[in-house]
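**Student:** build me a model from this:
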Amino acid sequence: MSRARLVITAVVLEGRPQAEVARAYGLSPSWVSRLVARYRDVGDAAFEPRSRRPLTTPTRTPAATIDLIVELRGKLSADGLDAGPHTIAWHLTRDHDLTLAPATIWRHLRAAGLIEPTPSKRPRTSYIRFEADLPNQLWQTDFTHVRLADGTDTEVLTFLDDHSRFVLACTAHQRVRGADVVTTFRAAISHNGVPAAVLSDNGMVFTTRLAGGRGGRNAFESELARLHIEQRNSRPNHPTTCGKVERVQQTLKKWLTSRPRARDLDELQTLLDAWREHYNTARPHSSLNDRTPAAAYAAKDKAHPTGGAGTHQRVRHDRIDTNGKLTLRINGRLHHIGLGRTHARTPVIMLIADLDVRIVHAITGELLRELTIDPTRDYQPQQQQDPEP
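**Tutor:** Just a heads-up that it's a prediction; the model follows:
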């Protein structure tokens, strides 16, 4: 028998004084008095535990607001957009003049069965994360694959500002080639200014540094050197170095998945333009204090290149071909240098400083030719004698 029943039995049925019963059971006289009063009021219900829920909850989220949270979650998810609590809170404030904590939104989403609780993660403070201090201090670039409606594989090239996550350019190509990188990069700087540095992986369209130096600078590297932009490349097998642009590409693909596939490159480019506009101007980013990338990009003065790339010097060991020529790639373009059939199969050392080239016999050290490459010509002819009068 419960203690409450013992008290009621002693007071009501046995007629014992409440003070005596309280002393006998070591209870507060006021508690015994309230219990007896409640029993006389509601009967046996007095033996059931009373709810601790407050009579009123003035800070409780209205049902209409909860319905709106669920509706936004569904709409954003259907559009392939981020539908987390921070994003929903941003939309509530901007579009509905409602201010709700992301934690509150998370609880309502969980109660509605729209969120599965995840295991505890490492605290954010344990991660080492780099972020440029100013817009244009560092741009990241990469390309990814996207399929058209007929299954054709295409490639999408992206340039991203490291400080603000602002997508500077996003273009569709059948295959991304060196000329496409330069063209897209020039269009980006024409609208946003010249960055101080550019970070990419080691793809051949971005750098030839892993090609053993035989190819010289490619077109993109030459463009960066011309503008005195520092070039940075990730270490091989370390994709997290370019993590920001790769994360943006995941967001893009999720958005594209929620829409009918483009039938050709023009349709894909139209989709990319629409996504870029939404991502930059209508999507808050938690790492940007819930600002949009466009707002973060415009909030501070832009960084500028601080130094030059200097003269591009390299030494190359080669052998003159059977036709008496050598080949040399400069700025992504292949040039042929004539030395004459008399030197066919001769081993040489090429001393290259930008466009200035000295060709030396690898065994005797004899200078075979010295020239300045004419970048407008594929073939660099042998020096000709002045025509006789």
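**Student:** switch to C-alpha atoms for all contacts and neighbour counts from now on
**Tutor:** Noted.
**Student:** check which helix or strand the spatially most central residue of the chain maps to.
**Tutor:** Central residue of the chain (Cα atoms, centre = their mean): Lys244, 3.0 Å from the mean position. In the assignment (DSSP states H and E), Lys244 maps to helix 243-257.
**Student:** what pLDDT, on average, does that helix get?
**Tutor:** Averaged over helix 243-257, pLDDT sits at 92.
**Student:** next: stretch 328-341.
**Tutor:** Rounded mean pLDDT across stretch 328-341 is 87.
**Student:** just the buried positions in that stretch, please.
**Tutor:** Residues of stretch 328-341 classed as buried by neighbour count (16 or more other Cα atoms under 10 Å): 328, 330-333, 335-339.
**Student:** and of these, the nearest to Lys253?
**Tutor:** Distance to Lys253, by Cα to Cα, is smallest for Gly332 among the buried residues of stretch 328-341, at 30.9 Å.
**Student:** thinking that closest one is in contact with Ala219, fair?
**Tutor:** Yes. Between Gly332 and Ala219 there is a contact under Cα atoms under 8 Å: 4.6 Å.
**Student:** which residues are in contact with both of these two?
**Tutor:** Here Gly332 and Ala219 share the contacting residues Gly178, scored by Cα atoms under 8 Å, 6 or more residues apart in numbering.
**Student:** picking that back up, summarise which helices and strands the helix holding Lys244 is packed against.
**Tutor:** Counting contacts by 3 or more Cα pairs under 8 Å, 6 or more residues apart in numbering; DSSP states H and E, helix 243-257 is packed against strand 139-147, strand 153-161, helix 265-281.
**Student:** return the alpha-carbon coordinates of it using CSV.
**Tutor:** Taking Å, rounded to 0.1, in the frame of the first residue of the first chain, the C-alpha atoms of helix 243-257 are listed here in CSV:
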residue,chain,number,x,y,z
GLY,A,243,38.0,21.3,-49.5
LYS,A,244,35.9,24.5,-49.8
VAL,A,245,35.5,24.3,-53.6
GLU,A,246,34.9,20.6,-53.5
ARG,A,247,32.1,21.1,-50.8
VAL,A,248,30.5,23.7,-53.1
GLN,A,249,30.5,21.2,-55.9
GLN,A,250,28.7,18.7,-53.7
THR,A,251,26.1,21.4,-53.0
LEU,A,252,25.7,22.1,-56.8
LYS,A,253,25.3,18.4,-57.6
LYS,A,254,22.6,18.0,-54.9
TRP,A,255,20.7,21.0,-56.4
LEU,A,256,21.0,19.6,-60.0
THR,A,257,19.8,16.2,-58.9
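**Student:** about what we covered before: Ala89: which of the helices and strands packed on helix 243-257 is closest?
**Tutor:** Short answer: helix 265-281, nearest of the helices and strands packed on helix 243-257 by Cα to Cα, at 16.0 Å.
**Student:** how far does that closest one sit from its chain's centre?
**Tutor:** Distance of helix 265-281 from its chain centroid, counting by Cα atoms, centre = their mean, to the nearest Å, is 16 Å.
**Student:** what residues sit buried inside that helix?
**Tutor:** For helix 265-281, the neighbour count (16+ other Cα under 10 Å) marks 265, 268-269, 271-272, 275-276, 279-280 as buried.
**Student:** tell me the mean pLDDT over it?
**Tutor:** For helix 265-281, mean pLDDT is 95.
**Student:** tell me which residues are up against stretch 259-270.
**Tutor:** If you take Cα under 8 Å, 6+ apart as the criterion, stretch 259-270 is touched by 79, 147-150, 171-174, 271.
**Student:** just stretch 350-365 next, same as before
**Tutor:** Under Cα under 8 Å, 6+ apart, the answer for stretch 350-365 is 311-318, 330, 346-349, 366-374.
**Student:** go again using 6 Å as the cut-off
**Tutor:** The contact list for stretch 350-365 (Cα atoms under 6 Å, 6 or more residues apart in numbering) reads 312-316, 347-349, 366-373.
**Student:** just to revisit the earlier point, mind listing which of the contacts of stretch 259-270 are in helices?
**Tutor:** Counting by DSSP state H, the part of the contacts of stretch 259-270 found in helices is Leu271.
**Student:** out of the contacts of stretch 259-270, which are buried?
**Tutor:** Counted by 16+ other Cα under 10 Å, the contacts of stretch 259-270 give 148, 171-173, 271 as buried.
**Student:** pull the most distant pair out of those residues.
**Tutor:** For these, the farthest-apart pair by Cα to Cα is Leu148 and Thr171; their separation is 14.4 Å.
**Student:** so Leu98 versus Thr61, what's the distance?
**Tutor:** Remark: distance between Leu98 and Thr61 (Cα to Cα, to the nearest Å) = 11 Å.
**Student:** elements contacting the helix or strand of the chain with the lowest mean pLDDT?
**Tutor:** None of the helices or strands of the chain scores lower by mean pLDDT, DSSP states H and E than strand 313-319, at a mean of 82. Here strand 313-319 touches strand 347-353, going by 3 or more Cα pairs under 6 Å, 6 or more residues apart in numbering; DSSP states H and E.
**Student:** so which bits of the strand it packs on are buried?
**Tutor:** Within strand 347-353, the residues scored as buried using 16+ other Cα under 10 Å are 348-352.
**Student:** for the residues you listed, give me TSV that also has pLDDT and distance to Glu71.
**Tutor:** Below are the buried residues of strand 347-353 laid out as TSV (pLDDT from 0 to 100; distance: Cα to Cα, whole Å):
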residue	pLDDT	distance to Glu71
Val348	91	72
Ile349	86	70
Met350	87	68
Leu351	83	67
Ile352	83	64
